[in-house]
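Q: pasting the sequence and the predicted coordinates here, then a few questions.
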Amino acid sequence: MKRRPPARRRRTLAPDPVTREIIRGALRAAQAHMEAVIERTAMSPFIREKNDYFAGILDARGRVVCGTMVPLFGNLTQIIFEQYPRDTMRPGDLYWYNDCHGSRGGVSHSPDMVFAAPVFHRGRLVAFSQTWGHFWDIGGMRAGSISPDATEIFHEGIIVPAVRIYREGVLNDEAFRIFVRNSRFPEILKGDIRAVLAGCQLGERRVLELFDRFGADTVLAAWALFEQQCRDTIRKTLESRIPDGTYESEDAVDGDGMSDRSFHVRMRLTKEGGRITLDTRASDDQAKGPINFIMHESVPKLIVGIYLLSGHPTILMNDGAQDAIDDVLVRPGSILQPHWPAALGNRAHTLARVQSNVLALLALATGGDVPAPNSVYNIYFLRGFDRARNEFFLCSDGVAVGYGARPFADGLDAIYYVAQKNYPAEFMEMVFPLRLRRYALHQDSGGPGRFRGGAGVIREIELTADEAIVAIRQDNILFPPAGVNGGHAGRPGQCVVNPGRPDERRLAPMSDGNVLRRGDVLRLSTSGGGGWGHPFDRPLERVRRDVVGGFVSVDAAREDYGVLVDASGMLDLAATEARRAGPRGPVRMFHRNGYFGPLVVPRR
């Protein structure tokens with residue numbers, strides 16, 4: 001009698017919890033490895049020192065599986081698929097673009113370059129490795145390719161449509177040389193391109209190793225589960241925390257550098273019958289200056305997702321966040337969907353207002369249980385000729401601001417947009433004809449509150465070259481970051497040349513063409529974040545430590561917090577209790593030049 005073979009166990013596609021966690025960890029490790037390669041091999045200070053780059057891993061549809069937590073990007077691969085269908089892709093290919101209008105906000109200003117490499121496992125397209133970097137100079141009207149003077153995208157450097165820069169591992173040298181020829185600093189640009197390409201190619205290898213180790217079915221099943229977890233967690237949290245209804249918010253960019261007016265971003269959140277819609281169509285028309293922002297519908301969805309996932313550290317942030325909100329409505333011709341060829345270089349100003357509006361909507365829906373908003377980070381460009389080195393120089397530096405207070409803690413002090421950095425004094429003085437004279441916290445800039453808004457900074461720089469042209473990009477001066485739930489707004493910054501000298505002058509916050517000469521000093525003070533909760537509810541000991549630490553002045557402690565304390569930290573308890581016992585008046589949800597919004601009851 002013939003023996004029957006043992007029954008074959010049916011293979012399940014759902015990986016076990018241990019395997020899932022290994023795959024999750026491998027994704028994060030691959031992303032970290034990709035970013036380390038970029039940082040350690042790039043040539044420009046913008047990438048190497050400021051860390052203005054990101055990396056991610058996408059599935060075969062182009063949806064993010066593991067990537068940055070920065071809500072700047074839309075669909076990164078759609079523009080590639082439109083030019084290069086999936087069935088034409090081969091192992092060793094690599095795609096590249098920076099076309100903001102063509103990608104419909106996939107990338108949001110021209111210096112940001114996107115690279116994507118398809119990953120093939122046993123002949124099957126299973127994923128994409130993606131890297132992104134802000135390049136030092138890609139041409140345009142001014143060195144650095146960003147200027148408040150820009151009025152169209154052509155002023156901001158060369159536009160690269162989706163191109164196949166590698167075909168089966170062979171570099172498209174013609175396209176590479178055309179691009180590099182458009183830069184004022186070609187050697188730096190070559191180094192940066194190679195660094196970002198190397199990070200992308202490394203990601204391709206790491207993802208392929210993951211598929212070889214666990215098999216395509218297991219990896220793809222884990223990825224599908226990660227996306228489902230992200231989507232379901234956000235959706236369930238939205239359902240439980242946001243009551244049905246309509247909520248409206250408004251914030252404004254101070255100006256566009258071209259006109260004497262502000263530009264308003266308006267949002268409405270509607271939750272009804274299980275559907276959630278964000279409507280931005282009431283926002284102002286597009287600006288002439290470069291503050292326009294092509295807001296892909298994924299951007300506000302990711303902002304909501306980042307906030308709601310903050311309490312779920314084990315959930316991987318991915319494109320599942322896009323499925324949790326049903327509709328995002330944007331009006332063509334508005335500041336959030338400008339017509340071609342609108343300038344976009346300083347789109348971060350408007351992005352910051354998108355973020356503050358989303359937080360305001362969530363504050364209205366949750367009774368203020370959200371962080372207060374923060375200012376947009378500041379940037380200055382110093383351009384000139386250094387006779388000592390017989391070369392042109394460009395110093396493009398981002399400067400930190402204070403972040404908004406949270407419902408459970410103070411805001412973070414001196415933060416430059418997530419993981420990015422500004423230049424250390426030693427590096428700055430070694431590379432540029434500049435001397436860093438002062439770097440300190442901006443006292444009293446953090447919005448007063450039960451939890452204080454984070455403090456901005458003061459950065460004071462002396463020019464040691466003969467002459468330089470400076471561009472400055474500041475905002476949140478007319479409209480500083482609002483306080484929430486009784487907290488006060490953050491305090492604005494300013495930019496002053498030669499402070500305290502007879503030739504002192506103040507620079508317009510969005511301006512270019514400002515001339516500095518040898519020995520001139522540029523002092524940049526940045527804004528603080530909004531406060532949370534009424535300032536009189538801040539514990540006395542915390543106010544005392546703020547005064548001793550230099551975050552809050554003696555006068556501000558008395559006026560804003562009702563605390564009488566001297567510079568040494570000695571408290572006058574009787575006078576403080578008497579001052580705090582006085583009437584507070586109506587307290588509302590938001591504060592900027594006074595309270596506004598619905599009434600709230602301050603927590604004591």
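A: Right, received. Where do you want to start? Numbering: from 1, shown residues only.

Q: please count neighbours and contacts with C-alpha atoms only from this point.
A: Fine.

Q: find the nearest non-adjacent residue to Glu35, please.
A: Ala55 (6.1 Å; Cα to Cα, 6 or more residues apart in numbering).

Q: packing partners for the lengthiest helix in the chain?
A: The longest helix of the chain (DSSP state H) is helix 186-214. Contact partners of helix 186-214 among helices and strands, from 3 or more Cα pairs under 8 Å, 6 or more residues apart in numbering; DSSP states H and E: helix 17-41, strand 53-59, strand 112-121, strand 124-134, helix 173-181.

Q: can you rerun that using 6 Å?
A: Judged by 3 or more Cα pairs under 6 Å, 6 or more residues apart in numbering; DSSP states H and E, the packing partners of helix 186-214 are helix 17-41, strand 124-134.

Q: tell me which residues in that helix are buried?
A: Buried residues in helix 186-214, counting neighbours by 16 or more other Cα atoms under 10 Å, are found at 186, 188-190, 192-193, 195-204, 206-208, 210-211.

Q: and stretch 25-42, by the same measure?
A: Buried residues in stretch 25-42, counted by 16+ other Cα under 10 Å: 26-28, 30-39, 41-42.

Q: which one of the residues you listed is nearest to Ala343?
A: Ala42 (27.2 Å; Cα to Cα).

Q: okay, now the nearest residue to Val565 once chain neighbours are set aside: neighbour count?
A: The shortest distance from Val565 to any residue other than its chain neighbours is 4.4 Å, reached at Leu571 (Cα to Cα, 6+ apart). Neighbour count of Leu571, defined by other Cα atoms under 10 Å: 17.

Q: so where's the stretch 51-200 of the chain uncertain?
A: Applying pLDDT under 70 to the stretch 51-200 of the chain picks out residues 69-73.

Q: quick one on the thing from earlier: measure the residue nearest to Val565 to Val543 for me?
A: According to Cα to Cα, to the nearest Å, Leu571 stands 10 Å off from Val543.

Q: got any ranges where the chain has weak pLDDT?
A: Where the chain drops to pLDDT under 70, the residues are 1-13, 69-73, 418-419, 601-604.

Q: what about the helices in it?
A: Under DSSP H, the chain gives helices at 17-41, 45-48, 78-83, 173-181, 186-214, 216-241, 298-309, 348-366, 425-431, 540-549, 554-561, 573-580.

Q: start to end distance for stretch 546-563?
A: Stretch 546-563 has its terminal residues 11 Å apart, counting by Cα to Cα.

Q: in that stretch, which residues are buried?
A: 546-548, 551-558, 560-563.

Q: and for stretch 354-369?
A: 354-365, 368-369.

Q: one step back: quick check, nearest of the buried residues of stretch 546-563 to Arg389?
A: Nearest member of the buried residues of stretch 546-563 to Arg389, counting by Cα to Cα, is Phe551, at 40.1 Å.

Q: ok, the closest one touching Gln443?
A: Yes - taking Cα atoms under 6 Å as the definition, Phe551 is a contact partner of Gln443 at 4.9 Å.

Q: buried residues, stretch 236-249. List them.
A: Leu238, Ile242, Asp244, Thr246, Tyr247, Glu248, Ser249.

Q: so how far is it off the chain centroid?
A: 25 Å (Cα atoms, centre = their mean, to the nearest Å).

Q: send me it as CSV with only the CA atoms.
A: What follows is stretch 236-249, C-alpha atoms only, in CSV (Å, rounded to 0.1, in the frame of the first residue of the first chain):
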residue,chain,number,x,y,z
LYS,A,236,-10.8,55.6,15.7
THR,A,237,-9.2,58.5,17.5
LEU,A,238,-10.9,61.0,15.3
GLU,A,239,-14.2,59.3,15.9
SER,A,240,-13.8,59.2,19.7
ARG,A,241,-12.3,62.7,20.2
ILE,A,242,-14.0,64.9,17.7
PRO,A,243,-17.8,65.4,18.0
ASP,A,244,-19.9,65.7,14.9
GLY,A,245,-20.2,69.4,13.8
THR,A,246,-18.4,72.1,11.9
TYR,A,247,-15.4,74.0,13.1
GLU,A,248,-13.7,77.0,11.5
SER,A,249,-10.3,78.6,11.8
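
Q: contact partners of that stretch?
A: Arg266, Met267, Arg268, Leu269, Thr270, Lys271, Glu272, Asn357, Leu361, Ala365 (Cα atoms under 6 Å, 6 or more residues apart in numbering).

Q: of these, grab the buried ones for PyMOL.
A: The buried residues among these can be selected in PyMOL (16+ other Cα under 10 Å) with this line:
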select buried, resi 266+267+268+269+270+271+357+361+365
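
Q: which residues touch Ala42?
A: Arg48, Gly191, Asp192, Ala195.

Q: the first one contacts Glu39, doesn't it?
A: If I follow you right, that is Arg48. Yes - in this structure, Arg48 is within contact of Glu39 by Cα under 6 Å, at 4.9 Å.

Q: re the thing from before, out of the helices and strands packed on helix 186-214, nearest to Pro407?
A: Using Cα to Cα, these put helix 17-41 closest to Pro407, at 29.1 Å.

Q: if we can go back for a sec, relative to Ala388, which of the buried residues of stretch 546-563 is nearest.
A: Phe551 (39.6 Å).

Q: contacts only, for that closest one.
A: So Phe551 contacts Gln443 (Cα under 6 Å, 6+ apart).

Q: and what of Val370?
A: Counting by Cα under 6 Å, 6+ apart, Val370 touches Ala363.

Q: how much space separates Ala321 from Asp279?
A: 18 Å.

Q: same check on Gly411?
A: 29 Å.

Q: which one's more surrounded, those two?
A: With neighbours defined as other Cα under 10 Å, Gly411 and Asp279 compare such that Gly411 has more, 29 against 17.

Q: excluding chain neighbours, what is closest to that one?
A: Ala405 (3.7 Å).

Q: touching, that neighbour and Ala372? I think so.
A: Yes - contact criterion Cα under 6 Å: Ala405 and Ala372 qualify, at 5.4 Å.

Q: count of residues packed around Asn593?
A: With other Cα under 10 Å as criterion, Asn593 counts 12.

Q: contacting residues for the residue lying closest to it once chain neighbours are set aside?
A: Setting aside the residues directly before and after it, Asn593 is nearest to Ala489 in space (Cα to Cα, 6+ apart), at 7.7 Å. The neighbours of Ala489, taking Cα under 6 Å, 6+ apart as the test, are Gly447, Pro481, Ala482, Gly483, Gly530, His591, Arg592.

Q: ok, for Glu152, nearest residue in space, not its chain neighbours?
A: Nearest residue to Glu152, sequence neighbours excluded (Cα to Cα, 6+ apart): Ala343, at 4.1 Å.

Q: go ahead and confirm that neighbour touches His155.
A: No - counting by Cα under 6 Å, Ala343 sits too far from His155 to count as a contact (7.6 Å).

Q: just want the angle from the longest helix of the chain to strand 124-134.
A: When axes from the mean of the first three to the mean of the last three Cα atoms, to 10 degrees is applied, the directions of helix 186-214 and strand 124-134 differ by 150 degrees.

Q: angle of helix 186-214 against strand 112-121?
A: 30 degrees.

Q: off-centre distance for helix 186-214?
A: The answer for helix 186-214 is 23 Å, by Cα atoms, centre = their mean.

Q: rewinding a little: need the helices of the chain in a markdown table (columns: distance to Trp96).
A: Listed next are the helices of the chain as a markdown table, based on distance: least, Cα to Cα, whole Å:
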| stretch | distance to Trp96 |
| --- | --- |
| helix 17-41 | 16 |
| helix 45-48 | 18 |
| helix 78-83 | 8 |
| helix 173-181 | 10 |
| helix 186-214 | 9 |
| helix 216-241 | 25 |
| helix 298-309 | 21 |
| helix 348-366 | 23 |
| helix 425-431 | 30 |
| helix 540-549 | 48 |
| helix 554-561 | 51 |
| helix 573-580 | 60 |
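
Q: nearest to Ala117, of these?
A: Ala117 lies closest to helix 186-214 among the helices of the chain, at 6.6 Å (Cα to Cα).
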